[in-house]
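Undergrad: mind looking at a prediction? Sequence and model below.
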Amino acid sequence: MMPLEPNWKCSPRMPWVLAALMFVGSACEDPSRSEEPTCEGWRPGDLVITELLPDPEGTDTGQEWMELYNPGRAAVDLRGLMLYSARVDGSQERAYLFEESVPVAAKDYVVLGDVRAGELPVHVDHSYGDALRVLGNAGGVVGLRCAEVVVDEVRYSKTSRAGVSRGYDGRRVPDAFDNDAPDGWCDTPASPDGGVRASPGAPNAACPEPSGADAGVSPGTCLSPRTGLARSVSRPLPGDLVFTEVMADPKAVADAQGEWVEVYARRDVDLNGVTLANESGGRTVLDAPPRCLEMRAGTYAVLAHGDEPSLNGGLPPVLGIFGFGLSNTAGAHALRLSLEGVMLAEATWTGAAVPGVSRQWEGTRECLAPDGGRYGPAGERGTPGQENLPCAP
């Protein structure tokens, strides 16, 4: 983004005044520069990344772009959002803050490019300059966030050749969860006239139909309960999941029916194949084939012994079932989530369980659930599937 010309001036008169201002430091500073744009109210999925060109023909610099779609019913403005890119493993992240107004109409697209100088080409609506340097040709990560809220993030793979964009399947409704699945993306197909294989600012072409073994639910895939379509499992990485609450000693029903664990997702992930374990060797591999155990960024999932509310104490919808018991006594306790031997999340505590009261975490802080949060017919203390109430000071 080219810097804006300031609309303020310092008077060249009265040298003694200028000398004094040198001590003040910021007296001649543009007041607007001290206030960075802020963002608030954004939710995961408010914008969807639908297409990108990480490997243009010729030089990459100045020709890369990415396309966003606004699926909502009202216009939005990108001002205050952070656009970022990184390698596939999340390293070497670079970011760009939208300091100017960039409106996106409802059900419309906006194209962002790395134009470094001169006028914007007709297909680019806004330039992020050199802030992201260059997108990785062999694959990488691009995303948008508002503070800690990830509005959308995708991991893209290498295109078959330069000058071909990677596009989200035009047969699918743009969705910030389903676009995590690699099988929802493809190299933009050739147009009937053999023209440019890209569609910036317009609906994408349909990806080719899968054939053979790829046409069904094969290993590593699942059926999205929201769309009914098969897609690749979105595997969580360390730090994507956080333990937020545990009920080890329900009062309304037996422990074997009413114990539960709550997990928070920082990114859109599936829990298929994830192992839940405790300190005493109990373990369950979470799965519900062929269904995807979907978690959207910023949401909470309840894992329990059963999903029938009349038996589990009135829990909200349960995402996954585990079979081992949780200890009620004082001592060293732990819960762990892992995937193929890689630790994803861990929570530890030492206190004995209080009947009918859950234990919760706020970052590194731990406490018993405050009295204001209740669930089920018996009014057990806890907030399963919801944001926790603050711990008492």
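TA: The structure has been received and is ready for your questions. Numbering: from 1, shown residues only.
Undergrad: quickly list the domain ranges of this protein.
TA: 48-197, 241-381 (automatic domain parsing).
Undergrad: mind listing the strands for the stretch 101-250 of the chain?
TA: Assigned by DSSP state E, counting those that start in this stretch, the strands in the stretch 101-250 of the chain fall at 103-104, 109-113, 126-127, 139-146, 149-157, 166-168, 185-187, 221-223, 230-232, 241-247.
Undergrad: mind checking how far the fifth one is from the chain centre?
TA: Right, the one you point to is strand 149-157. Averaging C-alpha positions (Cα atoms, centre = their mean, to the nearest Å) puts strand 149-157 6 Å from its chain's average.
Undergrad: packing partners for that strand?
TA: strand 48-53, strand 139-146, strand 185-187 (3 or more Cβ pairs under 8 Å, 6 or more residues apart in numbering; DSSP states H and E). For every residue, glycine as well, the C-beta is placed using N, CA and C.
Undergrad: tell me the bridge partners for the residue lying closest to residue 387 once chain neighbours are set aside.
TA: Excluding the flanking residues, the one nearest residue 387 by Cβ to Cβ, 6 or more residues apart in numbering is residue 300, at 7.2 Å. Judged by DSSP bridges, the bridge partners of residue 300 are residue 264.
Undergrad: just checking, residue 300 touches residue 360?
TA: No: using Cβ atoms under 8 Å, residue 300 is not in contact with residue 360, being 11.2 Å away.
Undergrad: mind listing the shared neighbours of these two?
TA: residue 244 (Cβ atoms under 8 Å, 6 or more residues apart in numbering).
Undergrad: quick one on the thing from earlier: count of neighbours near the residue nearest to residue 387?
TA: Counted with other Cβ atoms under 10 Å, the neighbours of residue 300 add up to 20.
Undergrad: and it, how far from residue 144?
TA: Noted for residue 300: a distance of 22 Å to residue 144, by Cβ to Cβ, to the nearest Å.
Undergrad: just residue 385 next, same as before
TA: 26 Å.
Undergrad: neighbour count: the two, which is higher?
TA: Taking other Cβ under 10 Å, residue 385 and residue 144 do not tie; residue 144 has more neighbours (25 against 18).
Undergrad: residue contacts, that one?
TA: 47, 49, 68, 78, 81-84, 150-153.
Undergrad: kindly report the same for residue 108.
TA: Listed by Cβ under 8 Å, 6+ apart, the contact set of residue 108 reads 69-70.
Undergrad: could you redo the last one with a cut-off of 7 Å?
TA: Neighbouring residues of residue 108 by Cβ atoms under 7 Å, 6 or more residues apart in numbering: residue 70.
Undergrad: which one of the strands of the stretch 101-250 of the chain is the most hemmed in?
TA: Highest mean neighbour count among the strands of the stretch 101-250 of the chain (mean count of other Cβ atoms under 10 Å): strand 166-168, with a mean of 25.
Undergrad: ok, residue 132 touching residue 114?
TA: Yes: contact criterion Cβ atoms under 7 Å: residue 132 and residue 114 qualify, at 6.5 Å.
Undergrad: when these two are compared, which one has more neighbours?
TA: Taking neighbours as other Cβ under 10 Å, residue 132 and residue 114 compare with residue 114 leading, 24 against 21.
Undergrad: can you give me the helices for the stretch 201-350 of the chain?
TA: 255-258, 309-312 (DSSP state H, counting those that start in this stretch).
Undergrad: run through who's touching the last one.
TA: Judged by Cβ under 7 Å, 6+ apart, the contacts made with helix 309-312 from elsewhere in the structure are 253, 257-258, 304-306, 315.
Undergrad: got the residues you listed as CSV, with pLDDT, neighbour count and distance to residue 356 columns?
TA: Output for the contacts of helix 309-312, formatted as CSV (pLDDT from 0 to 100; neighbours: other Cβ atoms under 10 Å; distance: Cβ to Cβ, whole Å):
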residue, pLDDT, neighbour count, distance to residue 356
253, 92, 20, 10
257, 89, 17, 14
258, 94, 25, 9
304, 93, 25, 16
305, 90, 25, 16
306, 85, 18, 18
315, 94, 25, 14
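Undergrad: would you check which pair of those lies furthest apart?
TA: Greatest spacing in those, by Cβ to Cβ: 253 and 304 (10.8 Å).
Undergrad: low pLDDT regions in the stretch 51-200 of the chain?
TA: Residue ranges of the stretch 51-200 of the chain with pLDDT under 70: 191-195.
Undergrad: ok, 80 please
TA: Low-confidence segments of the stretch 51-200 of the chain (pLDDT under 80): 89, 138, 160, 183, 190-196.
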